[in-house]
Each structure stands twice: as structure tokens, then as C-alpha cells.
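>>> my questions are about this predicted structure, shown below with the sequence.
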Amino acid sequence: MQKLPLRATWLAALKMPWQHRGTFFKIMWPWMLAAGVVYLAAIAISFAAMAGATQPTWAFVISMIAGVAAMVLASPAIVGALRYVITNEAQRHGFGDRTKKFLLAYLIMLAVYLPVMGLYMFSGPQVAPDGTFGFARPNLAVTVIVITLIILPIVMRLGFVFPAIVDDEPIDFARAWGRTEGNTWRVLFGYLILSMGVTFVGSFVIGFLGAFLTVFSGPLAPAVAIFSMLLNILLMIYLLVCILSWFGLSYLALASNRPEPQTPASSVDSGWTGNGG
């Protein structure tokens, strides 16, 4: 039974977005731009609902639809980035066969998780006038958190169907589950450390920088706020590529008995370079 080389895969996934930033940008930017606009609209609708500015139930439904639409728009970028991690193929994707299969698998997993999303909606998330976040039904919110923690290892293992689809491998959810046998906690722990670590460190640095600049900015405070928002967007994109790299490199390690995750050969033997050269 192949064991995922946790430390090596984690470090490779952390470095990859920066080392190959030019390639990822060329593959992903038009789709991520379109998805980002829709995603920001979904966030705005959600916060309006939580603040009581709109009717909550319909606002959350609209927000959820907008979030799914953003994922659909981003799917060609995700497929292209995963394809690059796995096969070194630096090609921008559209809504071809790979993307359609990717979306089908995503919608199946989303449908399974819909009841939990419904519980979250009825838990009554809200933003108080003082800006604090809370729930109208805290017990229901706790239930949502517990269910999410229980099914997260399952979702992580089934998620290996996505790199397999991108690799044109004839695989389904059952095979993805079998592929990750004996690696449940390695897959889960690696993902959590990567995503939480990048989020914590990046948010801390951006928050500290924003607070520092605000002290000395005076009338330029709005510009500092916009600058901080842009940095947060870049952090989200970096985190996304880290996660995609994690799944792609983990898939390679578990698929082929490689002792260490492989970095794309494009950094060595093709015209694509880290800065997009």
C-alpha cells in the first residue's frame, strides 16, 4: 500500500504557485476574473442577508446559486491548472470534455452536501450592527460544524476523482476511494495544514501591513483599504493554486509509486518558466 510522502508533497505544493506563477496566470486568468466577479456578488448578497438588509432565505438561495455559478466559470481554470501539475501541459482550457466531466463530478458532490448547506442556512447566520458574526440558532450551527468535520475525510478522499478526470484516467468515485486507501489522515492532515497555514500566515501579514499603513496614511486610508482587499484576493488565488497543486501532486504520488512528488518538467525542459517566459 503506497503511503503519501506528506512533507515532500506539502512543501512542493506550497512552492509551486510561486515557482510557476507565470504559467498558472496564463492558464487561469480569464476564467478566474469572470468567476471572481460573480463570487464577489455572492459574498455581497450573503452579507446583506446576514445584516438584515434583504430577506434572508431568498438572499441565501441567490447567494448559493451565484457561488455555484462562480465555480462553473472557474472550472476551466481549475482543470487547466490541475492538468499542468499532473502532465506538464500548459494549455488554457474551455468547456471541453474534461471540464464537463469535472463539473459533473463537482455537481454530484455538491448535491450530496446540499442538506448540510440547508442546515447552515436555517441556523440563521447574521452580522450584528457592531460587526460581530453569530447565529440565530447556535445549536443548529454546531450540528453543521460537527457534520462537516465528520464528512470532511470522506470528501477529501473522493476529491481524488478530479485529478484523475483531468489526467483522462477512467476512474469513478469508488476507484478514487480505493486509490487513497490507507492515506485518509495523511490526505486530510496535509490539506488542513496547507490551507489553514497559508490562510493564517497570509491574513496575519496582510492585516498587520494594512494596520501599519493606515496609521501613517491619513487621507489615503481608502486607498490602503483597497490595497488590502487586492492583497486578500491574491492570497485567495495563491491558496487555490496551492490546494490544486496538493491534490495533483498527491494524485501522482499515490498513482505511480513515486517516492517523492514530481515538479513539472516544464521548469526544466520547455519554454514555460516560473515568470511566464
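Structure's in. What do you need?

>>> give me the element Trp246 is part of.
helix 221-256 (DSSP states H and E).

>>> now that helix: buried residues?
For helix 221-256, burial by neighbour count (16 or more other Cβ atoms under 10 Å) applies to 224, 227-228, 231, 235-255. C-beta here means a position set from N, CA and C on the backbone, and glycine is covered the same way.

>>> stretch 185-202 now?
Here stretch 185-202 shows 186-191, 194, 198, 202 as buried, counting by 16+ other Cβ under 10 Å.

>>> I'd like the residues you listed as a markdown table, with secondary structure appended.
Below are the buried residues of stretch 185-202 laid out as a markdown table (DSSP: H, G, I helix; E, B strand; the rest coil):
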| residue | secondary structure |
| --- | --- |
| Arg186 | helix |
| Val187 | helix |
| Leu188 | helix |
| Phe189 | helix |
| Gly190 | helix |
| Tyr191 | helix |
| Leu194 | helix |
| Val198 | helix |
| Gly202 | helix |
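
>>> want to throw those into CSV with distance to Ala174?
Output for those, formatted as CSV (distance: Cβ to Cβ, whole Å):
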residue, distance to Ala174
Arg186, 20
Val187, 17
Leu188, 19
Phe189, 23
Gly190, 22
Tyr191, 21
Leu194, 26
Val198, 31
Gly202, 36
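
>>> Gln2 and Ile226, how far apart?
47 Å (Cβ to Cβ, to the nearest Å).

>>> do you know the pLDDT at Thr9?
pLDDT, Thr9: 89.

>>> phi, psi of it?
phi -70, psi -40 (degrees, to the nearest 10).

>>> what does Glu89 give?
For Glu89, the backbone dihedrals (degrees, to the nearest 10) come out as phi -80, psi 110.

>>> what about it, neighbour count?
16 (other Cβ atoms under 10 Å).

>>> distance of Ala74 from Ile145?
Taken as Cβ to Cβ, the span from Ala74 to Ile145 is 26 Å.

>>> neighbour count winner among the two?
Neighbours were counted for Ala74 and for Ile145 using other Cβ under 10 Å; Ala74 has more, 21 against 12.

>>> now for the more buried one: which residues touch it?
Counting by Cβ atoms under 8 Å, 6 or more residues apart in numbering, Ala74 touches 31-32, 35.

>>> distance of the residue nearest in space to the middle of the chain from Trp185?
Taking Cα atoms, centre = their mean, the centroid of the chain lies closest to Leu240, which sits 4.1 Å from it. Separation of Leu240 from Trp185 (Cβ to Cβ): 23 Å.

>>> what does Leu110 give?
For Leu110, the distance to Trp185 - Cβ to Cβ - is 25 Å.

>>> now swap in Ala225 and tell me
Ala225 is 40 Å from Trp185, by Cβ to Cβ.

>>> do Pro76 as well
32 Å.

>>> cheers, nothing more for now.
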